[in-house]
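Trainee: Need coordinates for the below:
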Amino acid sequence: MEDTFRGYAVVLAYTRPRRFILKNANDQWEVTIDDINLNTYDYARLHRLSTSFDIKGEDLWCIHLCFDGSIVLPSLPEFYSLDFVLKTCNQLLAEMLLGGVYFEAVEPNDVDKAALYHTGYVWPMGLANSQLATLLFQLKLKVASAYERIHLLNPATVTAQELHDARDRGQKIGQKIDNLSLLFIIRGVSAYRHHEWLHSLLNFWFGVEQVVSWYWENWVIKGKRQPSTPIAGRTNFLNDFRSWTTASQIEVLYQLAAIDEDTYRKLNEARKARNNLVHKGQLPEEKHAIVVFEGFFQLLSLAYTDGDSRDSFAALLEEYKTPKPFEVGFVEYDFEEGQRRREFEREGQAYRFSAPRPSIPGEPKWGEKEYEKVFVQEKTSWQRVSLE
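Mentor: This next block holds a predicted model:
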């Protein structure tokens, strides 16, 4: 008789931002302050699968998403490669991001091994070492401190149907602009939200070049204005990217009215910032990241709507440009009381959670206890540390 408790080997990847995935509108998550304090929350739900996504061209397997937002992949030879895992996960997340549900890119330290049981529950091995992975693993084990368990109170949620709808919208955009790698989009957005202007600029510029290439193919090489009879060497000439640089292509597309003036200006400003980075070593600033962010989405909108609108992603653009506090409330220290406090408000209810902390030398509560002296006490603490 088969051992029904034997799990199937799978690959698991944690996703950001931290949110719970509900199977449907009736699949609610309810946790009280008592559950937090007494450690009696429904930890099993954190291990449960919530939905699955089909993969194009694959009939034998799919991608699962857990209640805690993690992605579950089958342990097939393809997924023995970390690169393939990251590519597959980020492709799915990028499709949903482009369709309106914000996700950040999965990184190598978000990836874990796990066992999937026939009951539809997943047990991770705890090999992933990102901050998010560590937190969720401890919550699943029920070994997180009360201070960390507060994350379970009124968390952000999204329904499985919302994710499927978002993915459908994202896939339609990707299918039309068929040479566009959505991985550049999710990495560009993730970098921007973390104030990594350099990586945001580069990833979005790669996306710009791909959309410009799509335009060049469809508006110029295969455009409406074609010779009555073929001209020898014309196609090869137009495909020569040494002659037709991205800057040249953008200028021609502007002359053809394929792109409007505002988009044209932003793309040229972004191109200059990219060139200054590559040739002069000038690191981009926030203003450069913003202009390529906006220019890319305006260009993509024009391509997707056949020139009808540059603003079809405007609401999405503003939402993704503005970082949101996905963390529960804020944390501060009260040095006089020796308390670490977390305060937050959700759904009209205010909560405050405090945890005592030990004192350190230099604070009144340390008193006369011995400690290893680093500075001369009479001087300011802002001085060089002696190597003796």
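
Trainee: Double-check that residue 187 belongs to a helix.
Mentor: Yes - per DSSP: H, G, I helix; E, B strand; the rest coil, residue 187 lies within a helix segment.

Trainee: Find me the pLDDT at it, would you?
Mentor: For residue 187, the model assigns a pLDDT of 96.

Trainee: Contact partners for it?
Mentor: Contacts here follow CB atoms under 8 Å, 6 or more residues apart in numbering; on that basis residue 187 touches 90, 105, 199, 203. Just so you know, the C-beta spots here come from the backbone N, C-alpha and C atoms, and that holds for glycine as well.

Trainee: from the middle of its chain, how far away would stretch 307-327 be?
Mentor: 14 Å (CA atoms, centre = their mean, to the nearest Å).

Trainee: for stretch 269-277, same thing?
Mentor: Distance, stretch centre to chain centre, for stretch 269-277: 25 Å (CA atoms, centre = their mean).

Trainee: now the helices for the stretch 151-300 of the chain?
Mentor: Taking DSSP state H, counting those that start in this stretch, the helices of the stretch 151-300 of the chain run over residues 160-176, 182-193, 197-215, 234-238, 246-255, 261-280, 286-304.

Trainee: The ones you listed: lowest mean pLDDT?
Mentor: helix 234-238 (a mean of 81).

Trainee: Restricting the selection to alpha carbons, write it to CSV.
Mentor: This file holds the C-alpha atoms of helix 234-238, laid out as CSV (Å, rounded to 0.1, in the frame of the first residue of the first chain):
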residue,chain,number,x,y,z
ARG,A,234,16.3,47.0,-48.8
THR,A,235,15.3,44.6,-46.0
ASN,A,236,18.9,43.9,-45.1
PHE,A,237,19.6,47.7,-45.0
LEU,A,238,16.7,48.3,-42.7
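
Trainee: List the buried residues for that helix?
Mentor: residue 238 (16 or more other CB atoms under 10 Å).

Trainee: which strands and helices sit next to that helix?
Mentor: Counting contacts by 3 or more CB pairs under 8 Å, 6 or more residues apart in numbering; DSSP states H and E, helix 234-238 packs against no other helix or strand.

Trainee: Not counting that helix itself, show me its contacts.
Mentor: 216, 220-221, 227, 243-244.

Trainee: 10 Å instead?
Mentor: Helix 234-238 has contacts (CB atoms under 10 Å, 6 or more residues apart in numbering) with 216-217, 220-223, 226-227, 231, 243-244, 249.

Trainee: now do stretch 305-313
Mentor: Stretch 305-313 is contacted from outside by 98, 100, 173, 176, 215, 218-219, 256-260, 262-263, 294-304, 317, 319-320, using CB under 10 Å, 6+ apart.

Trainee: Kindly check the end-to-end length of it for me.
Mentor: End-to-end distance of stretch 305-313 (CA to CA, to the nearest Å): 11 Å.

Trainee: Are any of the contacts of helix 234-238 buried, and if so which?
Mentor: Neighbour-count burial (16+ other CB under 10 Å) applied to these gives 216, 220, 244, 249.

Trainee: Between those residues, which has the least confident prediction?
Mentor: Of all those, residue 220 has the smallest pLDDT value, namely 86.

Trainee: Flag the shaky bits of the protein, pLDDT-wise.
Mentor: 1-6, 56-60, 323-358, 360, 363, 375-388 (pLDDT under 70).

Trainee: Who are the contact partners of the most centrally placed residue in it?
Mentor: In the chain, the centroid-proximal residue (CA atoms, centre = their mean) is residue 104; its distance is 0.3 Å. Applying CB under 10 Å, 6+ apart, we find residue 104 in contact with 15-17, 90, 93, 97, 110, 132, 186-187, 189-191, 193-194, 326.

Trainee: at 7 Å instead, please
Mentor: 16-17, 190, 193 (CB atoms under 7 Å, 6 or more residues apart in numbering).

Trainee: what number of residues lie near residue 320?
Mentor: Residue 320: 21 surrounding residues under other CB atoms under 10 Å.

Trainee: Would you agree residue 316 is in contact with residue 100?
Mentor: Yes - Residue 316 is within contact range of residue 100, at 6.1 Å (criterion: CB atoms under 7 Å).

Trainee: any chance of the helices of the stretch 151-300 of the chain in a markdown table, plus distance to residue 136?
Mentor: Below are the helices of the stretch 151-300 of the chain laid out as a markdown table (distance: least, CB to CB, whole Å):
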| stretch | distance to residue 136 |
| --- | --- |
| helix 160-176 | 18 |
| helix 182-193 | 19 |
| helix 197-215 | 25 |
| helix 234-238 | 51 |
| helix 246-255 | 42 |
| helix 261-280 | 36 |
| helix 286-304 | 30 |
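
Trainee: Mind checking which of the contacts of residue 104 are buried?
Mentor: Here, 16+ other CB under 10 Å leaves 16, 190, 193 buried among the contacts of residue 104.

Trainee: and of these, the nearest to residue 22?
Mentor: residue 16 (18.0 Å; CB to CB).

Trainee: Distance-wise, check that closest one relative to residue 290.
Mentor: Residue 16 sits 22 Å away from residue 290, going by CB to CB, to the nearest Å.
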